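**Q** what's the 3D shape of this:
(one chain, ligands or ions: 1)
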Amino acid sequence: MIEQKTNMLVGKKALIMGVANDKSIAWGIARELKAHGAELAFTYLGDPILKRLKPLAEQVGSNILIDCDVSSEDSLDKAFTELKTHWGEFDMLVHAIAYSDKEELKGAYVDTTLDNFLNSMHISCYSFTSVMRRAKDMMPQGGSAITLSYYGAQKVMPFYNVMGVAKAALEASVRYLANDLGPTHGIRVNSISAGPMRTLAGAVIGGARDTYKHNVETAPLRRPVTLEELGGTAVYLLSDMAGAVTGENHFVDSGFNVVGMKKVES
Ligand code: NAD
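**A** Next up is the predicted model:
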């Protein structure tokens, strides 16, 4: 069971999209939202993931588990129709979903195929827009949504390739969604740019170990980011504590992004 930290989110409902296992960033966020009192529902991609998600969802007292492949508009429609049978409305949404062919996260960006470019953009970027188009009508009291980005959106990182391009588009989408949904629905939209994490998605990027090590050695805090810290930032962005924050990309990376060059030790 999750230790209750505050009652700040009691009465608030959060839809979590993207838990694959207990290392997933979405799981770190789900745990913290629960620790502050939120009620949770999850979407998952297919039965193998459902098997791993079920016991985790039990830990946070949720039995709303909805199959959803974000690359299919039909699947998204069905998922939101099913969500409506449980909740008429909800308050917070977490989109922690990305995909690219791992063979294209090894070589050079210039070799990206059209198929994988479109698929990576579809799942890793467009899906957030598609989700928010459906979610906005279930947030009549206003709401808050976050997605997950990475520094490779802004600077070239080894082997991040087409995912960097997709994350750049995702960060731009955050600004456009914030501007669309603020005036009409009172919905805030932000992204968290996480430092490298040892997750399924993180592991498929070429040289992941070197990237992880370089981040720890270079970041001002000289340590990796924890799931709990990503969760804490999500609680802040999703709650009224961040009531006037929207369209932002918030780094949670032990400060790595502020360093131009690490001092050479002699
Ligand atoms: P993860 O593998 O635990 O999560 C990725 C999720 O995407 C999985 O649950 C997977 O099922 C889901 N997914 C993929 N294709 C899907 C589809 N078509 N429909 C529905 N779901 C689909 O890895 P993670 O690292 O927790 O990734 C979560 C987010 O965080 C991603 O957007 C990722 O790019 C981002 N991120 C990760 C890191 C890192 O180092 N791991 C750093 C910064 C940002």
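
**Q** CA only for contacts and neighbour counts going forward, please
**A** OK.

**Q** against Ala169, how distant is Ala145?
**A** Shown here: Ala145 relative to Ala169, a distance of 17 Å by C-alpha to C-alpha, to the nearest Å.

**Q** so these two - more neighbours on which side?
**A** Ala145 (28 against 16; other C-alpha atoms under 10 Å).

**Q** test my guess that that one contacts Gly186.
**A** No: counting by C-alpha atoms under 8 Å, Ala145 does not reach Gly186; the two are 11.2 Å apart.

**Q** which bits of this protein sit near the ligand?
**A** 18-20, 24-26, 45, 68-71, 96-99, 123, 148-150, 193-202 (C-alpha under 6 Å from any ligand atom).

**Q** any of the residues you listed buried? List them.
**A** 18-20, 24-26, 45, 68-71, 96-99, 123, 148-150, 193-198, 201 (16 or more other C-alpha atoms under 10 Å).

**Q** and stretch 88-103, what's buried?
**A** In stretch 88-103, counting by 16+ other C-alpha under 10 Å, buried: 89-101.

**Q** one more: stretch 136-153?
**A** By neighbour count, with 16+ other C-alpha under 10 Å as the criterion, the buried positions of stretch 136-153 are 136, 138-140, 142-153.

**Q** that older thread, out of the residues of the chain next to the ligand, which are inside helices?
**A** Ile25, Ala26, Leu200, Ala201, Gly202 (DSSP state H).

**Q** how about these in CSV, adding distance to Asp180 and pLDDT?
**A** Formatted as CSV, those follow (distance: C-alpha to C-alpha, whole Å; pLDDT from 0 to 100):
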residue, distance to Asp180, pLDDT
Ile25, 27, 98
Ala26, 25, 98
Leu200, 33, 95
Ala201, 30, 95
Gly202, 31, 94
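
**Q** what is the nearest of these to Gly260?
**A** Gly202 (23.4 Å; C-alpha to C-alpha).

**Q** show me what contacts that closest one?
**A** For Gly202, the contact set (C-alpha atoms under 8 Å, 6 or more residues apart in numbering) comprises Pro196, Ala208.

**Q** cool, Ala35 as well?
**A** Counting by C-alpha under 8 Å, 6+ apart, Ala35 has contacts Ile2, Glu3, Gln4, Lys5, Thr6.

**Q** skipping adjacent residues, who's closest to it in space?
**A** Spatial nearest neighbour of Ala35, chain neighbours left out: Gln4 (4.5 Å); criterion: C-alpha to C-alpha, 6 or more residues apart in numbering.

**Q** and the pLDDT for the residue nearest to Gly107 when sequence neighbours are not counted?
**A** Spatial nearest neighbour of Gly107, chain neighbours left out: Phe159 (6.4 Å); criterion: C-alpha to C-alpha, 6+ apart. Note for Phe159: predicted pLDDT of 97.

**Q** number of residues surrounding Phe159?
**A** 22.

**Q** next one: phi and psi at it?
**A** phi 70, psi 0 (degrees, to the nearest 10).

**Q** next up, the contacts around it.
**A** Phe159 makes contacts with Leu105, Lys106, Gly107, Ala108, Tyr109, Ile205, Gly206, Gly207, as judged by C-alpha under 8 Å, 6+ apart.

**Q** swap the cut-off to 10 Å and go again
**A** Contacts for Phe159 (C-alpha atoms under 10 Å, 6 or more residues apart in numbering) come out as 102, 104-109, 152, 204-208, 211.

**Q** from Tyr126, how far out is it?
**A** From Phe159 to Tyr126 the distance is 22 Å (C-alpha to C-alpha).

**Q** and Gly11, by the same measure?
**A** Where Tyr126 is concerned, Gly11 sits at a distance of 30 Å (C-alpha to C-alpha).

**Q** more neighbours, the two?
**A** Tyr126 (19 against 11).

**Q** returning to what we had before: and for Ala145 and Gly186, which residues touch both?
**A** Residues touching both Ala145 and Gly186 by C-alpha under 10 Å, 6+ apart: Lys136, Ala178.
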